[in-house]
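1. What follows is a predicted protein model with its sequence.
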Amino acid sequence: PVNVVGVLAFAFFRLRHALGPTSPPPEPEAAAEDAARRSLMWLPVVGMGALGLLLGSMQSSLVSYTMNFDAVQYVGLLYAVLGGEAYVLGAPVEGFEAAFARFCGAGHCVGVASGTDAIALALRALGIGPGDEVIVPALTFAGTAQAVLHCGAQPRLVDVDPRSRCIDPAAAEAAITPRTAAIVPVHLFGHPADMPALTALAGRHGLAVVEDCAQSHGASLGGRPLGSFGNAAATSFYPTKNLGGVGDGGAVTTDDPALAARLRALRYYGFAGPERLSLGIGFNSRLDALQAAILGALLPHLADGNA
């Protein structure tokens, strides 16, 4: 149904544009104003068509539970964003951040541009940088190790447990050196890493823990949500994820308000306060309003989708 509505909306726009006005041509100034008005009038229709085509062609696990939505609901989300005051960050992102933080059992959620950025910014906010080593499992997506490299640190690859395919705590402890500053456990394919052992290990050696939860939306260990064990957790909303949007997106969750504040500055050019003064080097890594609106609408159905 989404695909059909998209095609019809786009075709209707093209036909209307081809037919053109039937009245005599107006004066040049009036013609310019009329053209601008017509462009703004048809913007939602073009967006509806594009979104319909995009959603109708998505091939991901997201589709299994997006069937709880019909085309009208998707169009409504798009229309609300296009008619709003912010396309990047703003109220839609703030609303989703609050909802996702509650879902994860975390005090704070900071939306960013991708899951890879989420890991890199979390490590940077924790002070990880050049000269540091970060322990990561050898079996993971390349983005996990690349996020460490983006911080100027060195990934230290260690073996995984043969049953869980997640990082082996004994192998992680054997890899610790005086330069080791953090561990990034990956909950691969939704299987939890041994977080009690890993957090105990980190505590003994004074290491930060950033959980890679890109594949574990809604998973838990001993009744506790994954992502709530470490200093922070990084999540991806790429379309193939259990909770996926229609483009790139990510988030960092944490219970530390100071860490959350540093993350919000890092994702937005290092700006701090309403004056937007850049007090340090930051990045352009922000979650956009359209992705947040769609993710917020899908979040209540995530448990059903996981089941």
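-> Happy to help now that I have it.
2. Can you name the element that comes right after the helix or strand that A234 is a member of?
-> Here A234, judged by DSSP states H and E, is contained in strand 232-236. Sequence-wise, the next helix or strand downstream of strand 232-236 (DSSP H and E) is strand 250-254.
3. what lines up beside that next one in the sheet?
-> strand 108-112 (antiparallel), strand 232-236 (antiparallel) (DSSP bridges).
4. so which of the ones you listed gets nearest A142?
-> strand 232-236 (13.0 Å; CB to CB). To be clear about C-beta, it is placed using only N, CA and C from the backbone, and glycine gets the same treatment.
5. before we move on, back to that, so for the strand holding A234, what gets flagged as buried?
-> If you call a residue buried by 16 or more other CB atoms under 10 Å, then strand 232-236 has these buried ones: 232-236.
6. what sits up against stretch 257-271?
-> 89, 107-108, 110-113, 117, 121-122, 124-126, 231-232, 252, 254, 272, 277-286 (CB atoms under 8 Å, 6 or more residues apart in numbering).
7. Just the ones in helices from the residues you listed, please.
-> 117, 121-122, 124-125 (DSSP state H).
8. In terms of distance to M195, which of these ranks first?
-> For the ones in helices among the contacts of stretch 257-271, the nearest to M195 is A122 (16.0 Å; CB to CB).
9. Model confidence score at the closest one, please.
-> We have a pLDDT of 97 for A122.
10. in the protein, which spans are helices?
-> 2-19, 28-57, 63-66, 71-82, 90-104, 115-125, 142-150, 169-174, 195-205, 257-266, 289-298, 302-306.
11. tell me which strands and helices the last one is in contact with?
-> When contacts are defined as 3 or more CB pairs under 8 Å, 6 or more residues apart in numbering; DSSP states H and E, helix 302-306 packs onto helix 63-66.
12. just so I know, which of the strands paired with strand 250-254 lies nearest C166?
-> With CB to CB as the yardstick, what comes closest out of the strands paired with strand 250-254 is strand 232-236 (14.5 Å).
13. Point to the residue nearest the middle of this protein.
-> Geometric centre of the chain, nearest residue: G250, 1.7 Å, by CA atoms, centre = their mean.
14. Now do that one against G273, distance only.
-> Distance, G250 to G273, by CB to CB, to the nearest Å: 24 Å.
15. cool, L266 as well?
-> From L266 to G273 the distance is 15 Å (CB to CB).
16. Settle it for me: which of those two has more neighbours?
-> L266 (24 against 8; other CB atoms under 10 Å).
17. quick one: that one from A258, how far?
-> 13 Å.
18. still on that earlier bit, any idea what the residue nearest to the centre of the chain is bridged to?
-> The partner residues for G250, given DSSP bridges, come to V112, S236.
19. OK, contacts around I183?
-> 134-136, 167, 172, 198, 201-202, 207-210.
20. From those residues, pick the one nearest A101.
-> Nearest to A101 among the contacts of I183, with distances taken as CB to CB, is V210, at 16.5 Å.
21. For V158, find the nearest of the strands paired with strand 250-254.
-> Of those, nearest to V158 by CB to CB is strand 232-236, at 18.5 Å.
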